[in-house]
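K.L.:
all I have is the shape, not the residue letters:
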């Protein structure tokens, strides 16, 4: 029986999560369905627009995304501190960008005078909304429900559009984070939908590359796409908010990995291995496997074995599926 989502998410363990939502019907989410001959390519834009719209409301950053033919991937960063700093008015205003709220909350947002009992009721509701705006479950729900309704209307059907639960994996350290980011960004290449990262439509890596080509200082946080979590550089003190790598190093790594995938030579690793792999202490052959098959070896927790054991303790779990694989793959040995 699946574990409740709240038992799989712990900000004490990590703020980074890889989520995947898959279409439950044979009819495609996006792209062209060879069975029916219909094209659903426009739905990829639906997903991307909604993803970015929801991220602008929640205390959750998008680190990577890729929208495929019958599923999509997204790597999320929960910014709990950001959500805690919002005023009651801002929480209500944000929530009501996506949901109507009730008459009482609408009156509160308009600044109307409320009785003591009404203010107490509103504050209780806002406290609930504040927690929801930091929840990956509500984040994914806010994307999937409108898309399902819209797709069902277009298909003239009713019933489930998505699988009952989206899949989530906690990324416990830099090694797991980097491998998952690259896995997501290289999904279209591995699936044969694109030949290069810069030509892979509806992905975060294409958006980052397009922005990088317009500036002389692509590694600067303020020169990166505002809708995505920026690459802040290598860890240091003080560490600005952002992914703990340089953008140029990451793009070099994705380009290198993508070339290996397209060559389809499992045992062939070029000599010019990117330096970032050495800093992450990941063997090049392990890295190629991870960027091809990140989902299959692991379940909910991904990272070095000692980080998984710590996360299990924090989550009250006795054991984690895939820990032996993590011990083998996230090492330079």
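P.N.:
Now that the structure is in, tell me what you want to look at. Bear in mind the structure is a predicted one, so any value in this text is a computation, not a measurement.

K.L.:
wait, doesn't residue 310 sit right on residue 13?
P.N.:
Yes: with contacts counted by C-beta atoms under 8 Å, residue 310 reaches residue 13, the gap being 7.1 Å. Every C-beta, even on glycine, is put in place using the N, C-alpha and C of the backbone.

K.L.:
out of these two, which sits in the more crowded spot?
P.N.:
residue 13 (21 against 16; other C-beta atoms under 10 Å).

K.L.:
the more buried one - nearest residue in space that isn't next to it in sequence?
P.N.:
residue 311 (4.0 Å; C-beta to C-beta, 6 or more residues apart in numbering).

K.L.:
so for the one you found, what's the pLDDT?
P.N.:
Per-residue pLDDT puts residue 311 at 81.

K.L.:
ditto for residue 80
P.N.:
According to the model, residue 80 scores 90 on pLDDT.

K.L.:
can you list the domains in this structure?
P.N.:
According to automatic domain parsing, the chain comprises the domains 1-83+136-172, 87-132, 174-296.

K.L.:
could you export those domains to JSON lines, including columns for distance to residue 330?
P.N.:
As requested, these are exported to JSON lines (distance: least, C-beta to C-beta, whole Å):
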{"stretch": "domain 1-83+136-172", "distance to residue 330": "10"}
{"stretch": "domain 87-132", "distance to residue 330": "32"}
{"stretch": "domain 174-296", "distance to residue 330": "5"}
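
K.L.:
so, low pLDDT: which residues of this protein?
P.N.:
1-10, 25-36, 235-239, 262-271, 318-320, 322, 331-333 (pLDDT under 70).

K.L.:
quick revisit: between the domains of the chain, which one is nearest to residue 303?
P.N.:
domain 1-83+136-172 (3.0 Å; C-beta to C-beta).

K.L.:
shared neighbours of residue 310 and residue 13, anything?
P.N.:
Residues touching both residue 310 and residue 13 by C-beta atoms under 8 Å, 6 or more residues apart in numbering: residue 172.

K.L.:
who touches residue 308 in this structure?
P.N.:
Neighbour list for residue 308: 172, 301-302, 320, 323, 326 [criterion: C-beta under 8 Å, 6+ apart].
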